[in-house]
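Q: My questions are about this predicted structure, shown below with the sequence.
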Amino acid sequence: MNVNWFKYSSPQTFYPLAGMLMPWFFVAAGLLAAAGLYIGFFVAPTDSQQGEAYRIIFIHVPAAWMSMFIYVVMACWAGIGLAFNTRLSSMMASALAPTGALMTFIALWSGSLWGKPMWGTWWVWDARLTSELILLFLYLGFMSLQAAIDDPRRADKAGAVIALVGVVNVPIIYFSVQWWNTLHQGASVSLTRSPSMATTMLTGMLIMALAFWMYSIAVALLRVRCIILERERNADWVRQLGRQL
């Protein structure tokens with residue numbers, strides 16, 4: 001069966017599709033989070049060096065991964081909207097930004113909770129932590145700039161410039177522990193070598209990463225539906241939808 005996916009590039013056709021998919025992603029996020037937290041806090045063994053404090057990784061690491069991944073996806077959507085002047089692409093970028101900022105904040109906050117018992121301090125101006133903090137400022141700058149410009153089309157273009165310029169910070173975050181001598185430990189999971197953690201720990205962390213992923217998709221779909229209704233409020237199909245409700 002051939003599906004014409006391009007028809008969903010229109011806000012009018014994407015709106016009902018997002019509404020249909022959104023509950024499934026919310027349910028998946030809840031089930032995966034329950035499984036991941038159970039494995040992480042009740043099944044995974046205690047770490048021989050860090051003790052029970054290491055269990056923060058089941059929240060910290062997935063949040064850090066998602067903070068970088070969402071920014072790249074947001075920049076891609078913003079770039080597509082800037083290059084091809086597609087309305088839905090810019091809306092998707094706007095919808096992703098708050099969730100990306102939330103994930104970045106969770107990564108920084110949980111990292112501080114982890115750093116206190118490990119390093120003896122809540123914060124150090126470490127290359128990884130500093131570049132992650134810059135990522136949070138990029139998210140906030142993207143959202144603030146869009147909110148400060150009344151014209152949505154101009155706001156989308158201005159936000160796209162910030163998003164695309166800020167992409168350079170993502171590889172800096174990822175490779176910072178390799179490029180500089182930092183307190184932050186290296187990656188425990190890599191595509192080029194075997195993981196340096198127990199299988200149970202790795203399983204719980206990957207399940208939590210999937211839970212964060214499902215949650216991010218669900219919330220982005222929910223938010224983009226709100227953005228579509230706000231920006232397309234003068235369209236006939238939105239008015240008809242309002243009369244039906």
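A: Yep, it's here. Since we're looking at a predicted model, the values are computed, not measured.
Q: from here on, contacts and neighbour counts on C-alpha atoms
A: Fine.
Q: Show me the shaky parts of this protein.
A: For the chain, the stretches flagged by pLDDT under 70 are 1-6, 48, 177-196, 242-245.
Q: repeat that for 50
A: Counting by pLDDT under 50, the ranges of the chain that qualify are 191.
Q: And the strands in it, which stretches?
A: Listed in chain order, the strands of the chain (DSSP state E) amount to none at all.
Q: Residue 94 touches residue 144, doesn't it?
A: No: Residue 94 is beyond contact range of residue 144, at 10.9 Å (criterion: CA atoms under 8 Å).
Q: For the two, indicate the residue with more neighbours.
A: residue 94 (26 against 13; other CA atoms under 10 Å).
Q: what sits against that one?
A: The contact partners of residue 94, taken as CA atoms under 8 Å, 6 or more residues apart in numbering, are 74, 143, 224.
Q: Apart from its chain neighbours, what residue comes closest to the last one?
A: It stands for residue 224. residue 95 (5.2 Å; CA to CA, 6 or more residues apart in numbering).
Q: can I assume the one you found is in contact with residue 218?
A: No: using CA under 8 Å, residue 95 is not in contact with residue 218, being 10.7 Å away.
Q: so where do the helices sit in this structure?
A: Ranges of helices within the chain are 11-38, 57-84, 87-119, 127-148, 152-166, 169-179, 199-231, 236-244, based on DSSP state H.
Q: right, and those helices - which one's nearest residue 47?
A: helix 199-231 (9.5 Å; CA to CA).
Q: gap between that closest one and the chain center?
A: Centre-to-centre, helix 199-231 and its host chain are 7 Å apart (CA atoms, centre = their mean, to the nearest Å).
Q: Can you spell out which helices and strands pack onto that helix?
A: helix 11-38, helix 57-84, helix 87-119 (3 or more CA pairs under 8 Å, 6 or more residues apart in numbering; DSSP states H and E).
Q: and the angle from the second one to helix 199-231?
A: Meaning helix 57-84. With axes from the mean of the first three to the mean of the last three CA atoms, to 10 degrees applied, the angle from helix 57-84 to helix 199-231 works out at 40 degrees.
Q: Also compute the angle for helix 57-84 relative to helix 127-148, please.
A: Using the same axes, to 10 degrees, helix 57-84 lies at 50 degrees relative to helix 127-148.
Q: Tell me the buried residues in helix 57-84?
A: 57-68, 70-82 (16 or more other CA atoms under 10 Å).
Q: any idea what sits nearest residue 221, other than its immediate chain neighbours?
A: Per CA to CA, 6+ apart, closest to residue 221 is residue 18, 5.5 Å.
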